[in-house]
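Student: here's my sequence, what's the structure:
(chains A and B)
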Amino acid sequence: DAGVTQSPTHLIKTRGQHVTLRCSPISGHKSVSWYQQVLGQGPQFIFQYYEKEERGRGNFPDRFSARQFPNYSSELNVNALLLGDSALYLCASSLGSPGYSGNTIYFGEGSWLTVV
Amino acid sequence: AQKITQTQPGMFVQEKEAVTLDCTYDTSDPSYGLFWYKQPSSGEMIFLIYQGSYDQQNATEGRYSLNFQKARKSANLVISASQLGDSAMYFCAMREGMNSGYSTLTFGKGTMLLVSP
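Tutor: Below is the predicted model:
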């Protein structure tokens, strides 16, 4: 079975532009989360979706938005890009409800975003 | 206060030796989970091992074991018989809020492990 897949793997954008990152969870997984990892730091939580509903949002500006589709795939959108948005964006999926303690959380390979 | 603290920015170990990566955590939630992930230079976050706060025994997964000391709020990762391919960044992470229907991971800053021949 395929793991968590993300696209694109690398991209370069100019300040002020918009970017859309995509994620397909492991087959059967209904919960998707997004994390931002800047160089030298651990990942920071951005969004969590379960059954197409937003279940949580981290401390990120409104320029960041996301959604989950009926097939449980997800998109992360970032508007008005800043240099500081340059980071690795990781998508994670888990099987059931975010509140279920037995869920293992699996990550994709990430999307490397560079803003110039 | 930081929720996850990894005090070792870097660790060096020789091949075939065991190594312990430290992790301490801070939470008032009685139900939480602790994860260790490996991140090679490619960026993928690879799941290694999980310990639930109510688990009675320390978790083990092959060469990985988690030394869980609840009273000390520590969850150290032990890698036995290190291999060259173990060289990577290692992150400790905690999941809280598991009774609220909403839970996320909080990560430490990571420990870079280098395994030498």
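Student: nearest to chain A: which residue in chain B?
Tutor: Per C-beta to the nearest C-beta, B:Phe107 is where chain B lies closest to chain A, at 3.1 Å. For every residue, glycine as well, the C-beta is placed using N, CA and C.
Student: show me what contacts that residue?
Tutor: B:Phe107 makes contact with A:42-44, B:4, B:91-93 under the criterion C-beta atoms under 8 Å, 6 or more residues apart in numbering or on different chains.
Student: contacting residues for the most centrally placed residue in chain A?
Tutor: The residue lying closest to the centre of chain A (C-alpha atoms, centre = their mean) is A:Trp34, at 2.8 Å. Neighbour list for A:Trp34: A:21, A:23, A:45-48, A:66, A:74, A:76, A:89-92 [criterion: C-beta under 8 Å, 6+ apart].
Student: those residues also near chain B: which ones?
Tutor: Among the contacts of A:Trp34, the residues lying close to chain B (C-beta under 8 Å from any C-beta of the partner chain) are A:45, A:48, A:90, A:92.
Student: determine which two of these are furthest apart.
Tutor: Greatest spatial distance among the ones next to chain B among the contacts of A:Trp34 (C-beta to C-beta): A:Gln48 and A:Leu90, at 12.7 Å.
Student: thinking again about what came up before, kindly reformat the contacts of A:Trp34 as CSV containing pLDDT, neighbour count and secondary structure.
Tutor: Converted to CSV, those look like this (pLDDT from 0 to 100; neighbours: other C-beta atoms under 10 Å in any protein chain shown; DSSP: H, G, I helix; E, B strand; the rest coil):
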residue, pLDDT, neighbour count, secondary structure
A:Leu21, 98, 21, strand
A:Cys23, 98, 27, strand
A:Phe45, 94, 19, strand
A:Ile46, 96, 23, strand
A:Phe47, 93, 23, strand
A:Gln48, 92, 26, strand
A:Ala66, 97, 22, strand
A:Ser74, 97, 25, strand
A:Leu76, 98, 24, strand
A:Tyr89, 98, 24, strand
A:Leu90, 97, 26, strand
A:Cys91, 96, 30, strand
A:Ala92, 94, 25, strand
